[in-house]
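In: Quick one, fold the following:
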Amino acid sequence: MQSLYSDTHIELRDSIKEYAKRNLSPIAAKIDSDDYFPENVFRNMGKQGFLGVTIPEEYGGSGLDYTSQAIIEEELGYISAPFALSYGAHSNLCLDNLFRNGSKSQKEEFVPKLCSGEWIGSLAMTEPSSGSDALAMKTAALPDKDGFTINGSKTLITNAPYAEFFFVYSRTGEAHTSFAVLSSDKGFSRGTKFSKMGMRGSPTGEVFFDNLHVPKGRIIGAENHGKEILMNGLNSERVILSFIFLGLARRALELSVRYAGEREQGGQLIDSYELIQEKLAYMYSRYRASRFLCEDALRKLIDSPRDGLSAATGILYTAESAEYIAREALQIHGGYGYIKDFEVERLLRDAILGQIGAGTTEIRKHIVARELSKSFQSNGNIPE
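Out: Numbers count the residues shown, from 1 in each chain. Coordinates of the predicted model:
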């Protein structure tokens, strides 16, 4: 199989590794313990060309691709999964989505500010009564004299406490439409910033729209075509975010191999015990299988963006495996793994989000089973 990674990708990996090691490693524990979002580090990523990695240079981006975005997610996830989550919400869910679906004037007005880090972006989809069933949203946009008036709220929104730009999904009658909303718009307000079990330091909160007026020029894509944008965006989101958990799994495995080769018990290193060897063998096997599925889904995303099966399969297995690997890492570290001074307990808490965000594990299973059935019924084969 031809490699996904060109020389440019290899250079990018080296660059983001160095950036994360220099800027995130020293504060990774603080990000978690203090629920600290390093806003200056995040915005500075724009100056380094990381935030707009998939955006053409003429709009302030780096002119690269989804493979580049996945590389950045993996290396950030290896050091700080919360920071990687906020990066993904900005770079993929918001900015890339805006560029793919926005008008020329929207690209010219909004995209450079999101690429540079002047603005932080956020995707506003989830509501208090509609999580997995996103299309059941109640936020509504009603036509007014020169645009729409939006009323409603969104919750569990990544980057909401800091973002200046929101990619908002709203009901328009029986259909759905996407809008560009700014935090400076009259009628916009922020609610609670949530204190979470894991992914602490990736700010998550509520936003409210109270008779918020948006002109017609703020419609992203076509009126009443928000559903198509939402569904296609979820495929990209699942593929790219899966690389966060691939990086996290790699970190947990690495810490475990190192610790098992240093820790003595009963007069010998614990990596000489068959029970520990079995754990490491399964951890590594699941990590390698996760990498194959993530990279396969990435290839499919590049060639066929509407392929929901590979996207759901990749994140389903990778998220479950990351949690498994992190849990086994804690077991290998024993009592020390349960102490906050050791990194592995944080990795386990962060890994759990992988089975909730970008569609729950249950939704992913539903998508995989549905697509398998459709394929077999249509041609008598299961997809490769």
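
In: Could you chop this structure up by domain?
Out: Following automatic domain parsing, one gets these domains for the chain: 7-119, 123-226, 232-379.

In: Check the average confidence over the top helix by length along the chain, would you?
Out: Identified as the longest helix of the chain according to DSSP state H is helix 226-260. On average, the pLDDT along helix 226-260 is 95.

In: C-terminal to it, what's the next element?
Out: Counting by DSSP states H and E, the next helix or strand C-terminal to helix 226-260 is strand 264-265.

In: Can you give the contact residues for that next one?
Out: Counting contacts by C-beta atoms under 8 Å, 6 or more residues apart in numbering, the residues outside strand 264-265 that touch it are 270, 273. Every residue, glycine included, has its C-beta placed from N, CA and C.

In: mind listing the helices for the stretch 1-150 of the chain?
Out: 7-23, 28-33, 39-47, 66-79, 81-88, 97-101, 104-116 (DSSP state H, counting those that start in this stretch).

In: which stretch among those helices comes nearest Leu253?
Out: Closest to Leu253 of those, according to C-beta to C-beta: helix 66-79, at 10.6 Å.

In: Which secondary structure elements does the closest one sit against?
Out: With contacts taken as 3 or more C-beta pairs under 8 Å, 6 or more residues apart in numbering; DSSP states H and E, helix 66-79 sits against helix 7-23, helix 81-88, helix 226-260, helix 274-303.

In: In JSON lines: those, plus mean neighbour count.
Out: Shown next, in JSON lines, are the helices and strands packed on helix 66-79 (neighbours: other C-beta atoms under 10 Å):
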{"stretch": "helix 7-23", "mean neighbour count": "15"}
{"stretch": "helix 81-88", "mean neighbour count": "28"}
{"stretch": "helix 226-260", "mean neighbour count": "23"}
{"stretch": "helix 274-303", "mean neighbour count": "17"}
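
In: Please name whichever of those helices is nearest to Tyr66.
Out: Proximity to Tyr66, assessed across the helices and strands packed on helix 66-79 by C-beta to C-beta, is greatest for helix 274-303 (5.8 Å).

In: If you count neighbours, what's buried in the helix or strand just after that closest one?
Out: Sequence order places helix 308-333 as the next helix or strand after helix 274-303, per DSSP H and E. The neighbour-count check on helix 308-333 (16 or more other C-beta atoms under 10 Å) flags 308-330, 332-333 as buried.

In: quick check: mean pLDDT across helix 308-333?
Out: Averaged across helix 308-333, the pLDDT comes to 96.

In: Now do the closest residue to Ala81 other than its chain neighbours against Leu85, distance only.
Out: Distances taken as C-beta to C-beta, 6 or more residues apart in numbering put Asp350 closest to Ala81, at 4.1 Å, once the chain neighbours are dropped. In this structure, Asp350 and Leu85 are 9 Å apart, going by C-beta to C-beta, to the nearest Å.

In: Which residues are in contact with each of the two?
Out: Contact with both Asp350 and Leu85 is made by residues Met199, according to C-beta under 8 Å, 6+ apart.

In: could you check the angle helix 7-23 makes with the longest helix of the chain?
Out: Interaxial angle of helix 226-260 relative to helix 7-23 (axes from the mean of the first three to the mean of the last three C-alpha atoms, to 10 degrees): 70 degrees.

In: Compute the number of surrounding residues for the nearest residue to Lys227 once chain neighbours are set aside.
Out: Leaving aside its sequence neighbours, Lys227 sits nearest to His176 (C-beta to C-beta, 6+ apart; 5.0 Å). His176 has 23 neighbours, counted by other C-beta atoms under 10 Å.
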